[in-house]
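# Quick one: sequence plus predicted model below, questions after.
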Amino acid sequence: MIHGIDGAKAEKYYVWGSLSLAVVLGVLTYVSKQLVYDSKVGCYYYDPNPVRGFWWRMGMQNIWSFLTMAGELSTFCSVVIYMVRVKVFSSGPSPAATVPGSQRLSASHQYRKPLGPRQYRNVVLRISLYPLSSLVTSGLSAIGTISRPVQGIKTRSDWIALNTFHAAFLFRGTLYALVACADPAITQGLKVLYRHYTRRQTSSLPPSTQIDIAPPLASHSCSGAADLELEGIPDPKNESLRRACLRESSSNVVTLPKTAMTLPGREGTHSDPRSNCTSGAGVGNELQVIDSDGAQHHYSYPHLRQL
């Protein structure tokens, strides 16, 4: 995101690079006869010369853990610095609010409410749990590997060091799974899947058992003299943006069309003195409004529900 690199293309280098590095280090250690198997401890590094054995463990295993911790910490700091530079934490207007109306996307493709500084900080804090948790587990794993006994379990301290290493190594995946529960992308994706499932369940009901979410006619008073304006989505035939206005009546009450509260799965046509509104005739979750002058406008149901 920061350096403009395509993650999907760069992922193959990460996978093949990690696999090649693991194979080279494992084969080199095995050929050098630095690995010894014990029925109690398992497979571990061993060398008659303690100094040489220590450097083998550092070069083949621990150095990569320390490099991983340094890379994760530097990556997290670079992301935070980038977000500060683009004024993500500022309390000014949202970047989407300064875009001209002709260049905006439809309301169904925009956030309903811009995130404030506090919400952005919470998002960054939850994302930072990944490198921070990895720092803890990688650090414990590296310390356990350094202090791991080279001649089996003989004392209580050897047993504690060995179990600390195993616990840190095995708990890493569980910790990542727990951190994923607080990931903004995963939580938002689960919400979208749940809404999609509930909408499919509602649309699969017979017409006689469907329940309207809102009353067929909704109105709210307006104290100003300006018209309320609905921003339409692009027409399928031409990509130009169309707009429609709801003009005020003499009683300063703005009335939404009946079809604004019609469920996407219900078919029907309604008309009033000013326009013809057809539900279920569009493509997907769209509403088609035909004015008295013959102009057609297409609206998305999420947009109308948001308004």
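Okay, I see it.
# hmm, who's touching the one helix or strand Gly17 maps to?
Secondary structure assignment for Gly17, by DSSP states H and E: helix 7-31. Helix 7-31 is contacted from outside by Leu35, Tyr45, Trp56, Met60, Gln61, Trp64, using C-beta atoms under 8 Å, 6 or more residues apart in numbering. No exception for glycine: its C-beta is placed from N, CA and C like everyone else's.
# Can you list the buried residues in it?
Thr29 (16 or more other C-beta atoms under 10 Å).
# can you map out the helices along this protein?
Taking DSSP state H as the criterion, the chain carries its helices at 7-31, 50-57, 63-85, 117-146, 156-180, 184-203, 301-306.
# Same list (those helices) but as a markdown table, adding distance to Ser39 and mean pLDDT.
A markdown table is the format used below for the helices of the chain (distance: least, C-beta to C-beta, whole Å; pLDDT from 0 to 100):
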| stretch | distance to Ser39 | mean pLDDT |
| --- | --- | --- |
| helix 7-31 | 19 | 88 |
| helix 50-57 | 20 | 79 |
| helix 63-85 | 27 | 82 |
| helix 117-146 | 20 | 74 |
| helix 156-180 | 14 | 79 |
| helix 184-203 | 42 | 83 |
| helix 301-306 | 63 | 66 |
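# Make TSV from the ones you listed and add distance to Lys40 to it.
Formatted as TSV, the helices of the chain follow (distance: least, C-beta to C-beta, whole Å):
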stretch	distance to Lys40
helix 7-31	21
helix 50-57	19
helix 63-85	24
helix 117-146	16
helix 156-180	9
helix 184-203	40
helix 301-306	62
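# Quick check: mean pLDDT of stretch 32-42?
The pLDDT scores in stretch 32-42 average 77.
# What separates the first and last residues of it, distance-wise?
18 Å (C-alpha to C-alpha, to the nearest Å).
# Now do the contacts for Ser133.
Leu175, Tyr176, Val179 are the contacts of Ser133 under C-beta under 8 Å, 6+ apart.
# The second one touches Leu129, doesn't it?
When you say that, I think you mean Tyr176. No - judged on C-beta atoms under 8 Å, Tyr176 makes no contact with Leu129 at a distance of 9.4 Å.
# how does this structure divide into domains?
Following automatic domain parsing, one finds the domains of the chain at 32-96+104-194, 219-306.
# returning to that earlier point: just the buried ones from the contacts of Ser133?
For the contacts of Ser133, buried by 16+ other C-beta under 10 Å: Leu175, Val179.
# Look up how far Ala168 lies from Thr68.
Distance, Thr68 to Ala168, by C-beta to C-beta, to the nearest Å: 13 Å.
# Counting neighbours, go ahead and name the busier of these two.
Neighbours were tallied for Thr68 and for Ala168 using other C-beta atoms under 10 Å; the higher tally belongs to Ala168 (20 against 15).
# Looks like that one contacts Thr137 (just checking).
Yes - contact criterion C-beta under 8 Å: Ala168 and Thr137 qualify, at 5.3 Å.
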